[in-house]
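1. model this:
(2 chains)
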Protein chains: 2
Amino acid sequence: MDSVLVVGSVAYDSVETPEAKVEDALGGSAIYFSAAASLFVPVKVVAIVGDDFNPEDVDYLKSKRVDFKGMQQVPGKTFRWGGRYARDMNHRETLYTHLNVFEKFDPDIPAEYRDTPFLFLANIQPELQQCVLEQMKRPKFTMLDTMNFWIEGRYEALLKTITRVDGIVINEEEALDLVHETNLIRAMKKITRLGPKVIIVKKGEHGAILSVNNSYFFAPAYPVENVVDPTGAGDSFAGGFMGYLATAGEISERHLRKAVIYGSAVASFCVAGFSISRLKQLTRKEIDERVEDLRRLVVF
Amino acid sequence: MDSVLVVGSVAYDSVETPEAKVEDALGGSAIYFSAAASLFVPVKVVAIVGDDFNPEDVDYLKSKRVDFKGMQQVPGKTFRWGGRYARDMNHRETLYTHLNVFEKFDPDIPAEYRDTPFLFLANIQPELQQCVLEQMKRPKFTMLDTMNFWIEGRYEALLKTITRVDGIVINEEEALDLVHETNLIRAMKKITRLGPKVIIVKKGEHGAILSVNNSYFFAPAYPVENVVDPTGAGDSFAGGFMGYLATAGEISERHLRKAVIYGSAVASFCVAGFSISRLKQLTRKEIDERVEDLRRLVVF
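-> Next comes the predicted model:
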């Protein structure tokens, strides 16, 4: 079975919603991604944590085929993020971002990870994403995530990295900003011209759009009535997407569409609990049922 | 063949977009609705215009089975609206709203219109919508549109009117405001409890959600690369929806879903030209092809 490598952050998050509050909960892109992808295939993690990191916090993930040999532990504090969600759960305010040891992150891919067929470059500095790509041996499918911070601050490096991946997953506003567009379809065409064949634009509660060589697919978001914590929705979406794709055998448009639906299904569970609490309880049967629910949402 | 009655506005619109500008173009909810619905079934219009209205402006619609016997012409000026769209075409600024004779609108339904089986109450004062309902003889399906102005200013009257219709079509923000909610799914449940079995929430480029007795359907918006003028998208959506439904024979969830897709298809053509210019050129064959394009957008 193909496995997936993720390079990203491991963090302790403090999250406030109108209903509740958690302190120092396990978070970070690599955590959400691997909690989701490991529901499908074995996952390898490259990340960095400080000496305050409690290894037991990832015991559960280790028991689920997530390999943390690529996670360096160094002196200093682990990445910490604090955020507060508005009543509608669609808007959040970042209270603080303490990069701590993450600032020194220099991803060194262990030799036994370098031939992993599926690679997800979570939202980190574009130069680091590129440095990971250079260490890999002919992966089957590579995808990156990015954010406004890099679009604004490391634009040239980001464009260069984008030309070297097969896919990009990005939110709507970032997609428009990336190519200075006001229309999403035109933006996706422009991004395709940069290189990636596969573009996924995440639109939160409005679902996601997949473009494969300028052919479009609209995936609905599952209608979640009680969102507990939206943190990690994007990374768990990417994890469900890459995880499913790694089981599919081939990278065809049909499988890419199904992979987006699996991503949407997993993300809809992620937001139903703080941190990865709901993902921990999740079964493949529940995911498959939600995929069928998503199908019923769009059939006419 | 079942026909549709629309009660709404006829206006002269002046619209500015980043690319172009039109002055005194034919507009108003009843015009956009009937241009769309008449692609499916005969339409009857109840509206009011001033003595400056040029009857030739609706010659085209008359040739397309739209009956204007219910349009009163009275002394004074016709409703005029001016708006300017932002570069992204999703935001607009109202430059002026001159209600003129529309302020005196007191819809008197001609005797021969009162047994029309399908009734669309476009966005007018809730008391007038109710007064129309009282004049009708057992319609098969009634639907209303409304807006923030009435939610804020005529709340009790609006709620009372909503209890008396089969369906409501409303945009996302208005749906939340109507029942003081922050989550759209909870909002739709609350609206269902007010009475209407059919709720359609329009989300512009994100498509539309249909709720039939708390069962949901997500309709995509066709990806339009070059939006010329978004004015009338909502009313042409409603026209396509009601028009298709009137041809369907029965009001089942299956037909309601298809009707939403037909509404989405027609609206995607409407925005490709100023006023009703694109709808004038539109053929049933083009609509059916777009419906199939919409199906391909969501199949997995």
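2. quick test: name the residue nearest the centre of chain A.
-> Of all residues in chain A, the one closest to the mean position by CA atoms, centre = their mean is A:Asp235, 2.5 Å from it.
3. what sits up against stretch A:46-54?
-> Applying CB atoms under 8 Å, 6 or more residues apart in numbering or on different chains, the set of residues contacting stretch A:46-54 from outside is A:5-10, A:28, A:30, A:70-79, A:100-102, A:104-105, A:107-110, A:113, A:132. Just so you know, the C-beta spots here come from the backbone N, C-alpha and C atoms, and that holds for glycine as well.
4. and the helices in chain A?
-> When secondary structure is read from DSSP state H, chain A shows helices at A:29-37, A:59-63, A:126-135, A:148-153, A:155-162, A:172-178, A:184-194, A:233-247, A:253-270, A:277-281, A:284-298.
5. any buried residues in the fifth one, and which?
-> Same thing as helix A:155-162. Of all the residues in helix A:155-162, those buried under the rule 16 or more other CB atoms under 10 Å in any protein chain shown are A:Ala157, A:Leu158, A:Lys160, A:Thr161, A:Ile162.
6. again with the fourth one
-> Judged by neighbour count (16+ other CB under 10 Å), helix A:148-153 contains these buried residues: A:Trp150, A:Ile151.
7. got it, and the first one?
-> For helix A:29-37, burial by neighbour count (16+ other CB under 10 Å) applies to A:Ser29, A:Ala30, A:Ile31, A:Tyr32, A:Phe33, A:Ser34, A:Ala35, A:Ala36, A:Ala37.
8. and it, what does it pack onto?
-> strand A:4-7, strand A:43-49, helix A:59-63, strand A:66-73, helix A:233-247, helix A:253-270, helix A:277-281 (3 or more CB pairs under 8 Å, 6 or more residues apart in numbering or on different chains; DSSP states H and E).
9. what of the third one?
-> Contact here means 3+ CB pairs under 8 Å, 6+ apart; on that basis helix A:126-135 packs against strand A:4-7, strand A:118-121, helix A:155-162.
10. one more time with 10 Å
-> Using 3 or more CB pairs under 10 Å, 6 or more residues apart in numbering or on different chains; DSSP states H and E, the elements in contact with helix A:126-135 are strand A:4-7, strand A:118-121, strand A:141-145, helix A:148-153, helix A:155-162.
11. relative to B:Leu99, how far out is the residue nearest to the centre of chain A?
-> From A:Asp235 across to B:Leu99, the span is 51 Å (CB to CB, to the nearest Å).
12. do you know the pLDDT at the nearest residue to A:Glu93 once chain neighbours are set aside?
-> Counting by CB to CB, 6 or more residues apart in numbering or on different chains, the nearest residue to A:Glu93 once its immediate chain neighbours are dropped is A:Arg84, at 4.9 Å. Among the per-residue scores, A:Arg84 holds a pLDDT of 97.
13. equivalent analysis for A:Gly28, please.
-> What the model reports for A:Gly28 is a pLDDT of 98.
14. correct me, but A:Ile31 touches A:Asp57?
-> Yes: in terms of CB atoms under 10 Å, A:Ile31 counts as a neighbour of A:Asp57; the distance is 8.9 Å.
15. and the residue nearest to A:Glu93, how many neighbours?
-> Number of residues near A:Arg84 (other CB atoms under 10 Å in any protein chain shown) recorded here: 15.
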